[in-house]
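Student: the following block contains a protein sequence and its predicted model.
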Amino acid sequence: MSQISTKPPSGMRDFLAPDLARRRHVIGVIARVYESFGFTPLETPTIENLSTLLGKYGPEGDQLLYRLLHRRERLARALEPKPDGSRPTELDLSDEGLRYDLTVPLARVVANYGELPAFYKRYQIQPVWRADRPAKGRFREFFQCDVDICGTKSLVADAEVCGAVATVLRELGFAKPDDPAGGFQIHVNHRELLRAMVAEAGIAAEKEGQALIALDKLDKIGADGVKAELIEKGIAAEAASSLLSMIDDTGAGPSLDVWANGPSERGAAAARELQELLSIAAGGPAGAHLVFDPTLARGLSYYTGPIFEITCAGLAGSMGGGGRYDGLIGMFTKRQIPAVGFSLGLERVLLVMEERGMFPPLAAGPQLLLCRFPDIAPAAAVAVATQLRAAGLRVELYADTPSLGKQLQYANTLGAPFAAILGGNELAQQSLTLKRLATGEQKTLPIADVAAFVKAG
RNA sequence: GUGGGUGUAGCUCAACUGGUUAGAGCACCAGACUGUGACUCUGGGGGUUGGGGGUUCAAGUCCCCUCACUCACCCCA
C-alpha cells in the first residue's frame, strides 16, 4: 500500500469520544478516592534524562526505554567514529527518554524539592511508555494511576496505599474477594523474605533475580516447571529443590507464622513485617483483599520491602502492583527517604470492566441539536443556541440548512435525545418546536422553558 | 525474544478442490413527502483482494519474500 498508514503506531491508540467517556469516568473515581486519602496531584514531564531512568528497572527495563535521538549538530558529532575507531553506542546518541513509570520521576521530584511536606503523599495519573511487544491488555503507551507515600517506614503507609487502591476498585464496582462473581485479590510478599529463601536454599546472590522470576511462575508452570527453569538458569538441582520445598505446589506454602519463627533472622523479620501489615490493614478497605503469596516476586529492581500485586479472575496479568522502595530516592540525593506506593493500570481496569459490563450509562455528546430553516438568519440561530447553553444544555447548532429531514437524521446519528426546530413561526414568538427523537413526539414551547424540559428527560 | 493465526469496500464477512466482469449485510449518497429522522421501496458511488516477486493458458485462492495486525508464551500495569 503506497498510501500513508492512518493507524497510530503499534501499541498506541486514539481515544474517540466513547472511549474517553469510560476512561474519564474511571479516572474521575480514582482521583476522587486518592484525594479522599489525602493525596495531592503531581504531573511530571513526558521526557526524563536517561541518567534519571537508567539502572532503576533492571536490565530488561533499560531495554524497554524509548530513547530520544540527539538532534542536528549534536547527532552529527555523535555519529562520527571515535578516536579509538569504535562505533558510537546508544549512550552516545541519546541522553533523554520517555518515562517508563511514575515512581522514578516521583523519586526525582522528592529529591529535587526539599520543601515538600515531611510525609509527601502524591497521586499521579499519566501515560508511560515501554517499547514492549503489544498484547491483550498490554500497550506501548498506557496510563498508570499511582499513589505513593514518601518519608516514613511505618507500615501504616503500606496499608494506606493498599486501602486506597482497594477503595477505588470497590467504588468502581469490583466485588468483595469472596464474591463468586469475581472480586479481586491483593497479593503481598516481602522482598527480604524472598531473598532469605533464596539464600537459605543455597542459591548464589547473583542468581537471585532469575530464581525469583522462575519462582513467580509456580502457579502457571508448576513445581516441575519451575525446577526445570531454575536448573536451566544454572542453579544446582539440590538448591532448586530446597527452594521449592519452602513452598508447596499450590503456592500456599507455610504460613507467615512459620516464617516468622524460622531459622533465618532476615526472613523472620520480613515475615513479622508482613504480619504487622496484614494486621494494620485488617480493619481497612484492603483488609479482606490481602493475601500472602510467597511466590510473588515482581520484576522492578527498586523494591526493598513489602510488594503487592492485584489479580482478578479472567485477567492474565495484573491490574496493578506496587511495593516499598526505601532506597530509590536515595539514588538521587544524599538523604535516604523511605517510600511505598501502589500503581493501578488504567487499561487493565478498563479491560476487566468492559468484559464484565460494569460501566454505568455515561452521558456524552449534545443533548439537543438545534435545526433551522433557510429563512432563519444564522445570527438568530446562534443567539438561540447561546441562550440554551447559558441555561446549562449541551447544544449543537446545525451549521447549514439542508432539508429538515436531513437535519433530524443527523440528530439521530449523533444520538442526541432532542432536536429543536427553529422556523419563522417559532422565532416570531420566541419559542422552539422540541422533538424527542426516541418517540417522535413534539411540542412547541417558549425558549426559556426548553432547558428545564430537556433536563427533565 | 519464541510459537501460531489473519490480511478481500468505511465496518463485519462471502467467493466449491486455481476458472468469465470479486459478492452480501451494515454504513454512505441520491430519489416518492420542498416544515419532520430512526421502520419500508428504488437507484448509485465505492476494491490494482496489504505490498513485491514466482508457478500457471488462468492466482483473492498455490509457493517465496516483505509489511501490518492479532492470539498464546515470556514479561509486565
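Tutor: Here it is on my side, so go on.

Student: now the spatially closest residue to residue A:161 that is not a sequence neighbour. Its backbone dihedrals?
Tutor: Nearest non-adjacent residue to residue A:161, counting by Cβ to Cβ, 6 or more residues apart in numbering: residue A:342, 4.2 Å away. To be clear about C-beta, it is placed using only N, CA and C from the backbone, and glycine gets the same treatment. Here is the backbone geometry of residue A:342 (degrees, to the nearest 10): phi -140, psi 140.

Student: contacts only, for residue A:342.
Tutor: A:146-148, A:161-162, A:164-165, A:308, A:320-322 (Cβ atoms under 8 Å, 6 or more residues apart in numbering).

Student: so which of those belong to helices?
Tutor: A:161-162, A:164-165 (DSSP state H).

Student: gap between the two ends of stretch A:437-453?
Tutor: 14 Å (Cα to Cα, to the nearest Å).

Student: and that stretch, anywhere near RNA strand B?
Tutor: Yes: against RNA strand B, stretch A:437-453 shows contacts by Cβ under 7 Å from any atom of the strand at A:437-440, A:442.

Student: now residue A:48: phi and psi?
Tutor: The phi/psi pair for residue A:48 (degrees, to the nearest 10) is phi -120, psi 160.

Student: so it touches residue A:99, yeah?
Tutor: Yes: at 5.2 Å, residue A:48 and residue A:99 qualify as touching, with contact defined as Cβ atoms under 8 Å.

Student: so which of those two has more stuff around it?
Tutor: residue A:99 (24 against 19; other Cβ atoms under 10 Å).

Student: check contacts around the spatially closest residue to residue A:415 that is not a sequence neighbour.
Tutor: Nearest residue to residue A:415, sequence neighbours excluded (Cβ to Cβ, 6+ apart): residue A:365, at 5.7 Å. Residues in contact with residue A:365 (Cβ under 8 Å, 6+ apart) are A:17, A:394, A:414-416.

Student: tell me the secondary structure at residue A:365.
Tutor: Classification of residue A:365 by DSSP: H, G, I helix; E, B strand; the rest coil places it in coil.

Student: longest helix in chain A, please.
Tutor: Longest helix in chain A, counting by DSSP H: helix A:17-36.

Student: what lies in contact with the helix or strand following that one?
Tutor: Later in the chain than helix A:17-36, the nearest helix or strand by DSSP states H and E is strand A:40-41. For strand A:40-41, contacts defined as Cβ under 8 Å, 6+ apart pick out A:31, A:35, A:121-125.

Student: write out the residues of the stretch 201-350 of chain A neighbouring RNA strand B.
Tutor: Residues of the stretch 201-350 of chain A found near RNA strand B (Cβ under 7 Å from any atom of the strand) are A:213-214, A:216-217, A:220-221, A:297-300, A:309-310, A:316-321, A:343-345, A:347-348.

Student: which of these fall within helices?
Tutor: A:213-214, A:220-221, A:347-348.

Student: show the buried residues in the residues you listed.
Tutor: Buried members of those, scored by 16 or more other Cβ atoms under 10 Å, are A:213-214, A:347-348.

Student: give me every residue that touches the residue in chain A positioned nearest to RNA strand B.
Tutor: In chain A, no residue comes nearer to RNA strand B than residue A:299, which is 1.4 Å away by Cβ to the nearest atom of the strand. Taking Cβ under 8 Å, 6+ apart as the criterion, residue A:299 is in contact with A:57-58, A:60-61, A:213.

Student: buried among the residues you listed? Make that a ChimeraX selection.
Tutor: Those of the contacts of residue A:299 that count as buried under 16+ other Cβ under 10 Å are selected in ChimeraX with:
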select /A:57,61,213
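
Student: tell me which two of the contacts of residue A:299 sit farthest apart.
Tutor: Across the contacts of residue A:299, no pair lies farther apart than A:57 and A:213, at 13.9 Å, counting by Cβ to Cβ.
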